[in-house]
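**Student:** Whatever this is, show me its structure:
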Amino acid sequence: MGKDLAEKFPVAQAWFDRANAALGYDLAKVCFEGPEADLTKTENAQPGIFLVSWVAFQLLKEQVPALTFEATAGLSLGEFTALTAAGALSFEDGLRVVRQRGKFMQEACDATKGGMAAIIGLDEAPTREVCAAAGVVLANLNCPGQLVISGAAEKITKACELAKAKGAKRALPLPVAGAYHSPLMASAQPKLAAELAKVNLISPGWPVISNVTAQAHGSALEFSARLVEQVCAAVLWETSMRGLLAQGFTRFIELGPGTALSGFMKRIDKSAQMLNVADAASLEATIKALSI
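**Tutor:** Numbers count the residues shown, from 1 in each chain. Next up is the predicted model:
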């Protein structure tokens, strides 16, 4: 993850080195070499994704100096990257807070037996009925036809059965450590609040869309509270994107590993232009698309 960017661009390697210095351990090596069991630990995965996303952002700015942006958004962990990109906190502070967030969430996972499942092809209203009947919650509203539920592991199994009975095309348990964006993560909230209180936060210089409200964040005090709330709250991604589309946004650039957000946008509005930067090849393709 991010290895070819570091190999091909000195500025990328410099950011990986800076991250290692900030954290006091070799996160870059974990990103580049794994093993997968270490990389997928929440306390490594969260800062790793934050870091690679940040490197992608910095490379894009370097390669396309004239590029401007008018708003940022990020799904769950990505909201921290979005706020950092908008100047609300420093790179080092963002990285350290995200690592602690991952640690706190892993502790919550270890203390509870939770899980998540993707519900495919079922609308929001019947999915909420399923959640109420099974005792779980709606965790991610990603795009039309794809919702994610979260809760106690045995209740997720029941919810999947109920969803299929209501007409879901698929109800797939997800390979995650626990019940993210559910009340089972509550123990992480006061710890994250304490970490954010140590950090210099300022109002973002651009609109940054909140996962919790699907509206632009306000003051530093407000967005700090929303980031804590987000740990247990549903991610309103589709509503967030529709809000940006309604404001006239037509081009979106996904930064970091994977293209999940691009896939969501295709189901939200096929006419929106989606670009991404995850590695050297996608960076080159995005630079080319932006030059047209």
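
**Student:** where's Gly24 relative to Thr81, distance?
**Tutor:** Going from Gly24 to Thr81 by Cβ to Cβ, to the nearest Å gives 21 Å. For the C-beta atoms, the positions are set from N, CA and C on the backbone; glycine is no exception.

**Student:** Which of the two has more residues huddled nearby?
**Tutor:** Neighbour count, other Cβ atoms under 10 Å: between Gly24 and Thr81, Thr81 has more, with 27 against 8.

**Student:** My read is that the more buried one contacts Val52, right?
**Tutor:** No. Using Cβ atoms under 8 Å, Thr81 makes no contact with Val52, being 9.6 Å away.

**Student:** what mean pLDDT does the strand or helix carrying Glu79 have?
**Tutor:** Applying DSSP states H and E as the criterion places Glu79 in helix 78-85. In this model, helix 78-85 carries a mean pLDDT of 97.

**Student:** and what of stretch 107-122?
**Tutor:** 95.

**Student:** again with stretch 254-266
**Tutor:** Rounded mean pLDDT across stretch 254-266 is 96.

**Student:** before we move on, what about stretch 52-72?
**Tutor:** Averaged across stretch 52-72, pLDDT comes to 95.

**Student:** buried ones in that stretch?
**Tutor:** Across stretch 52-72, burial judged by 16 or more other Cβ atoms under 10 Å covers Val52, Ser53, Trp54, Val55, Ala56, Phe57, Gln58, Leu59, Leu60, Gln63, Ala71, Thr72.

**Student:** Just those: which are in helices?
**Tutor:** Val52, Ser53, Trp54, Val55, Ala56, Phe57, Gln58, Leu59, Leu60, Gln63 (DSSP state H).

**Student:** need the contact list for the last one.
**Tutor:** By Cβ atoms under 8 Å, 6 or more residues apart in numbering, the residues touching Gln63 are Leu283, Ile287.

**Student:** Please enumerate the strands of the stretch 51-200 of the chain.
**Tutor:** 72-73, 114-120, 137-143, 146-152, 170-173 (DSSP state E, counting those that start in this stretch).

**Student:** ok, Ser282 - how many residues close by?
**Tutor:** Residues near Ser282, counting by other Cβ under 10 Å: 17.

**Student:** Tell me what the residue nearest to it when sequence neighbours are not counted is bridged to.
**Tutor:** Of all residues beyond its chain neighbours, the one nearest Ser282 is Asn276 (5.3 Å), with distances taken as Cβ to Cβ, 6 or more residues apart in numbering. Beta-bridge pairing for Asn276 (DSSP bridges): Glu254.

**Student:** Check the burial of Asn276 by counting its neighbours.
**Tutor:** 21.

**Student:** ok, now Ala88?
**Tutor:** If we define neighbours as other Cβ under 10 Å, then Ala88 has 25 of them.

**Student:** how far away is the residue nearest to it when sequence neighbours are not counted from Ala86?
**Tutor:** In space, and not counting its chain neighbours, Ala88 is closest to Pro204: 4.2 Å by Cβ to Cβ, 6+ apart. For Pro204, the distance to Ala86 (Cβ to Cβ) stands at 4 Å.

**Student:** Overlap in contacts, those two.
**Tutor:** Between them, Pro204 and Ala86 share these contacting residues under Cβ under 8 Å, 6+ apart: Thr72.

**Student:** CA atoms of stretch 2-10 as PDB?
**Tutor:** In PDB, the C-alpha atoms belonging to stretch 2-10 read as follows (Å, rounded to 0.1, in the frame of the first residue of the first chain):
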ATOM      1  CA  GLY A   2       1.700   3.200  -1.200                       C
ATOM      2  CA  LYS A   3       5.000   1.400  -2.000                       C
ATOM      3  CA  ASP A   4       5.200   2.300  -5.700                       C
ATOM      4  CA  LEU A   5       4.400   6.000  -4.900                       C
ATOM      5  CA  ALA A   6       7.300   6.100  -2.500                       C
ATOM      6  CA  GLU A   7       9.600   4.400  -5.000                       C
ATOM      7  CA  LYS A   8       8.800   6.700  -7.900                       C
ATOM      8  CA  PHE A   9       8.300  10.000  -6.100                       C
ATOM      9  CA  PRO A  10      10.900  11.400  -3.600                       C
END
